[in-house]
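Colleague: coordinates for the following, if possible.
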Amino acid sequence: MYWNDINASDEEVNALAKYLDVNDDGDICEEDFLAWYQEAATTVASETNAVRQALLTRRTVNNFDKTPVPDIVLRNAIEAAIAAPNHKLTEPWRFIQLGQETISKIAELNAAEIAKKDPEKGAKKKARWENIPGWCVVTCKKSDDELQQEEDLAAVACAIQNFQLSMWADGVGVKWTSGPITRSPEFSELCGIDTETEKHVGTLWYGFASGGLAQLMDQGPNRKKSVDDVLSSLP
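Modeller: Below you'll find the model as predicted:
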């Protein structure tokens, strides 16, 4: 057996050789190698399928229960988010976790606007927003370069998708929202957003889904277009 093409230390190579030599005769036969290879290939296929399933089954969650989400889940999601591709490594994102005091102020701000037309609806909306267990506001750095700004916004969108997938993997649902109130100066002030230097891209509500994530996955992706509808090919 030749190890010249393996990018590993001598210690790692020796450990692998010992693992493959199942009958401990000092020789690695074809049967030994194939047994290991098939196991490794099966593991890779399983992991690949898990990633695809996360992409295909993730759903937007609209209704959350009141169970608090541990901070480690949020930190894991942000770690995944900031691994998103970004041209020239600009890292244009910022994540702001909101506490209950700030959430209540935003809920009141939104309810007051709604109450101008429908006081009862405003009160219901306030209660609903205050009961959403997790809020994370995401911003993007502003740039005077129009192309750079476009690329940075795309990068932040990728980061938000990574965030959602990480949360989903931990059994937590997310809703990406960007309603009218989030574009108001009052919202920016409450969240500590400097509108001269950064732009609000989305507010991420997160929490454990009422009824669990499984019942959402059964609803289907709710997409109007298939692969054939959106894929074209050129010679």
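Colleague: between the two ends of stretch 80-96, how far is it?
Modeller: One end of stretch 80-96 sits 16 Å from the other (C-alpha to C-alpha, to the nearest Å).
Colleague: ok, longest strand in the protein?
Modeller: strand 198-207 (DSSP state E).
Colleague: from the chain's centre, how far out does that strand sit?
Modeller: Computed by C-alpha atoms, centre = their mean, to the nearest Å, the separation of strand 198-207 from the middle of its chain amounts to 12 Å.
Colleague: ok, and the closest non-adjacent residue to the most centrally placed residue in the chain?
Modeller: With distances taken as C-alpha atoms, centre = their mean, the residue of the chain nearest its centroid is Phe163 (2.0 Å). Closest residue to Phe163 apart from its sequence neighbours, by C-beta to C-beta, 6 or more residues apart in numbering: Ala81 at 4.2 Å. Bear in mind the C-beta positions are built from the backbone N, C-alpha and C, glycine included.
Colleague: related to what we said a few turns ago, residues in contact with the residue nearest to the centre of the chain?
Modeller: Applying C-beta atoms under 8 Å, 6 or more residues apart in numbering to Phe163 gives the contacts Ala77, Ile78, Ala80, Ala81, Cys136, Val138, Val174, Leu204.
Colleague: how does it look with 7 Å?
Modeller: Residues counted as contacts of Phe163 (C-beta atoms under 7 Å, 6 or more residues apart in numbering) are Ala77, Ile78, Ala80, Ala81, Leu204.
Colleague: from those, which land in helices?
Modeller: Ala77, Ile78, Ala80, Ala81 (DSSP state H).
Colleague: Lys105 touches Cys191, doesn't it?
Modeller: No. Here Lys105 lies out of contact with Cys191, judged by C-beta atoms under 7 Å, at a distance of 9.8 Å.
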